[in-house]
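Student: Take a look and give me a structure for this.
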Amino acid sequence: MSASVLAFAVIGGVAAVCAATYGYFLHSPRLAEPHLSAPVTPDTITVGDRTRTYRAFVPEDLPPGSPLLFVLHGSQQNGKVIRRATGYGFDRLAERRGFAVVYPDGYKRGWNDGRTASVTPARKEDIDDEGLISAIVDRFRQRHGIDPARVFVTGFSNGGQMAFRLAARTPERIAGIAAIGAGLPTPDQWEGTGPKHPMPVLLIAGTRDPIMPYEGGEASVFGFQKRGTVLSAEATARAFAEVNGITEPPASWPPTLSLDGSGDFGGFDGSGDFAGPLVIETRYTQPGKEPVVAFAVRGGGHTVPNPEYRFPRLMGKTDDTLDASAVIWAFFAEDTPETPVIP
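Tutor: Reported below is the predicted structural model:
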């Protein structure tokens, strides 16, 4: 075999290995868009001296006084990506339940979420993302008559951290938040202050998240690019419950299992083969207080649980038994049952 033929064979072999590696770890299947009553439209808005972009779905004949939901993407994503990564679940819900949904684009694919260790261009350049949300709320109030008292924010990863910041800095404009794959920064990592205003909060965390440690500690991109320290999933939920003035102990479902802060479910850890529920729901509630609900996905990765879309394997397991969009909107709409229901 000549040297040139050998070199070609080696190159071909390397290319095949790279393609196989990409296919296994980085590929995610394509997902067909749903048929909706109105198009999902891209638009722009000026905030200060910057032109910002977003996508929005406003159902046909949306009545005045309807709610508005923001869905904030993770770092290195945009509004188009997170819309697909949620399995288009929020679009379908908006169609059926009557609300508008907006997918804003972060500045250079990231948010100024207020963490001192954040490395996003938005953080480094101190982009006014709070102003972006406020400007879009005002536009949708004027154009579509949405109810400014029913504006909700859900976010994934960096977007979840941005939801925390909005809860802390603009609580008068936000009626509730939901965060997926995000833990509260430890007090030394906040720019300014942490949340101090009671607000409904829903949290979803995977016990084997490779980026946002379920048990707390240093957040990082697979051990590289340190992103500062965060509280554990349980401590994050307790922190919001304390802000909300909840003093009664939480209740978990199923009642025989509970979160203990170590990532265990009654003695079973996220890597075990326990054949019980994949998801544990913990509720912090008290009459007259805003609720906090936390879902722990056993073995779940840095993903949005949903039955339609699978994240790349590199991000860990995408759980398909919990529909994040459905439980989040049920929580915001205050139509969750008294007894927790795990799919």
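
Student: so how far is G48 from I328?
Tutor: I328 is 30 Å from G48, where distance means C-beta to C-beta, to the nearest Å. C-beta coordinates here come from the backbone N, C-alpha and C atoms, glycine included.

Student: Likewise for P34?
Tutor: 35 Å.

Student: Check P42 too.
Tutor: Between P42 and G48 the distance is 20 Å, computed by C-beta to C-beta.

Student: quick one: which of P34 and G48 has more around it?
Tutor: P34 (14 against 11; other C-beta atoms under 10 Å).

Student: Helix or strand: which one has the more buried one?
Tutor: Secondary structure from DSSP states H and E places P34 outside every helix and strand.

Student: now it, nearest residue through space, not along the chain?
Tutor: Leaving aside its sequence neighbours, P34 sits nearest to Y88 (C-beta to C-beta, 6 or more residues apart in numbering; 5.1 Å).

Student: okay, now that neighbour: neighbour count?
Tutor: Y88 - counted by other C-beta under 10 Å - has 21 other residues nearby.

Student: Ramachandran coordinates for it?
Tutor: With angles defined as degrees, to the nearest 10, Y88 sits at phi 60, psi 20.

Student: what about it, distance to D320?
Tutor: Y88 is 15 Å from D320, by C-beta to C-beta.

Student: for Q189, same thing?
Tutor: Distance from Q189 to D320, counting by C-beta to C-beta: 33 Å.

Student: next one: G216
Tutor: G216 is 27 Å from D320, by C-beta to C-beta.

Student: Give me the phi and psi angles of A56.
Tutor: The phi/psi pair for A56 (degrees, to the nearest 10) is phi -140, psi 140.

Student: In this structure it contacts P39, no?
Tutor: No - if you go by C-beta atoms under 8 Å, A56 and P39 don't touch, sitting 9.7 Å apart.

Student: Show me which of those two is the more surrounded one.
Tutor: Neighbours per residue, other C-beta under 10 Å: of A56 and P39, the larger number sits with A56, 24 against 11.

Student: if I pick that one, what's in contact with it?
Tutor: V40, T41, D43, A100, V101, V102, Y103, F140 (C-beta atoms under 8 Å, 6 or more residues apart in numbering).

Student: which residue sits closest to the second one, ignoring its sequence neighbours?
Tutor: The one in question is T41. That would be A56: by C-beta to C-beta, 6+ apart, it lies 5.9 Å from T41.

Student: number of nearby residues for L322?
Tutor: Using other C-beta under 10 Å, L322 is surrounded by 20 other residues.

Student: Sorry, wrong one. I was asking about A85.
Tutor: Using other C-beta under 10 Å: A85 sits among 25 other residues.

Student: correct me, but it touches P312?
Tutor: No - A85 is beyond contact range of P312, at 10.2 Å (criterion: C-beta under 8 Å).

Student: so where is this protein shaky, pLDDT-wise?
Tutor: 1-28, 192-193, 222-224, 255-277, 335-343 (pLDDT under 70).

Student: so V151 makes contact with S134?
Tutor: No - using C-beta under 8 Å, V151 is not in contact with S134, being 9.6 Å away.

Student: who has more neighbours, these two?
Tutor: V151 (26 against 17).

Student: now the contacts of A56 in TSV, with neighbour count, distance to V304 and secondary structure?
Tutor: Converted to TSV, the contacts of A56 look like this (neighbours: other C-beta atoms under 10 Å; distance: C-beta to C-beta, whole Å; DSSP: H, G, I helix; E, B strand; the rest coil):
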residue	neighbour count	distance to V304	secondary structure
V40	18	18	strand
T41	10	23	strand
D43	12	24	strand
A100	21	20	strand
V101	26	15	strand
V102	25	17	strand
Y103	28	13	strand
F140	21	24	helix
